[in-house]
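**Q** no sequence on this one, just coordinates:
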Ligand code: HEC
Ligand code: HEC
């Protein structure tokens, strides 16, 4: 009889996921356990914070996309942190808790700088078109903040390009100075090179 009991309990445990390494005494997946700052990674960010963002930011499904709003190891210059610290995000909802904010801060702090993997550019050095620049730079790094300036080439040229001295154009200087894109990943070397090649149209 005792043996039968033990067997039943064993079967119950197994059917509860015991066999998947989720032993009945391991509740850590369910309780709010403190996480050490240096352990905060994308999985923790996703589980603890991004669930409160994904309803509107539907494309925030990968680390690569979310990191467009960060500068490595620099929370104070990362939209992901500054927008929640100022209470601008989540939009029209309660501010994040102090713990959630700390998770975001630590997550950004822990992003190491790694050289981006880029497709090689054609080595002909030829000028590139507005539409190429739009696809590879503006859409990824400058919109929606500069939607009005960047919607059409004519406005861009009028506002940010100096045809007499293209290399001194606001478009390029804003980026090489590290000011733009504001509170986001700095442009990759290839993105900056595309801006230089675009400016060759004005020589
Ligand atoms: C109810 C919808 C909504 C929710 C929820 C929301 N956002 Fe946003 N978020 C927006 C909208 C709309 C914009 C773009 C325009 C603006 O800034 O108002 C935006 C913009 C942003 C930007 C700036 C993007 C840029 O281009 O610079 C960041 C960063 C951001 N949100 C972070 C967050 C974070 C982090 C959360 C979750 C904690 C969150 N948002 C939750 C609607 C939302
Ligand atoms: C999150 C919003 C945001 C993003 C993304 C962003 N900018 Fe800006 N940008 C601003 C704001 C705000 C200003 C106004 C000055 C300031 O606050 O520094 C500005 C100013 C500028 C100026 C100076 C305009 C002037 O008349 O002097 C240039 C040029 C510029 N941005 C280029 C860019 C380029 C190029 C990108 C993309 C590679 C970019 N920005 C991405 C918000 C942004």
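**A** Okay, I see it. Small disclaimer: the values here were computed from a predicted structure and weren't measured. Ligands and ions are numbered 1, 2, ... in the order given.
**Q** contacts, neighbours, all on C-alpha from now
**A** Noted.
**Q** three-state assignment of the most centrally placed residue in the chain?
**A** For the chain, the residue sitting closest to the mean C-alpha position, by CA atoms, centre = their mean, is residue 67 at 1.9 Å. Classification of residue 67 using DSSP: H, G, I helix; E, B strand; the rest coil returns helix.
**Q** isn't it up against residue 185?
**A** Yes - applying CA atoms under 8 Å as the test, residue 67 and residue 185 come out as touching, 7.1 Å apart.
**Q** which pLDDT value belongs to residue 12?
**A** Per-residue pLDDT puts residue 12 at 44.
**Q** go on, residue 29?
**A** Predicted confidence (pLDDT) for residue 29: 43.
**Q** ok, the one 3 residues further on next?
**A** Per-residue confidence at residue 32 stands at 60 (pLDDT).
**Q** which residue comes closest to residue 81 once chain neighbours are left out?
**A** Computed as CA to CA, 6 or more residues apart in numbering, the closest residue to residue 81 that is not its neighbour in sequence is residue 75, at 5.8 Å.
**Q** roughly how far does the spatially closest residue to residue 105 that is not a sequence neighbour sit from ligand 1?
**A** Spatially, and ignoring its direct neighbours in sequence, residue 105 is nearest to residue 75 (5.7 Å; CA to CA, 6+ apart). Using CA to the nearest ligand atom, to the nearest Å, residue 75 is found at 11 Å from ligand 1.
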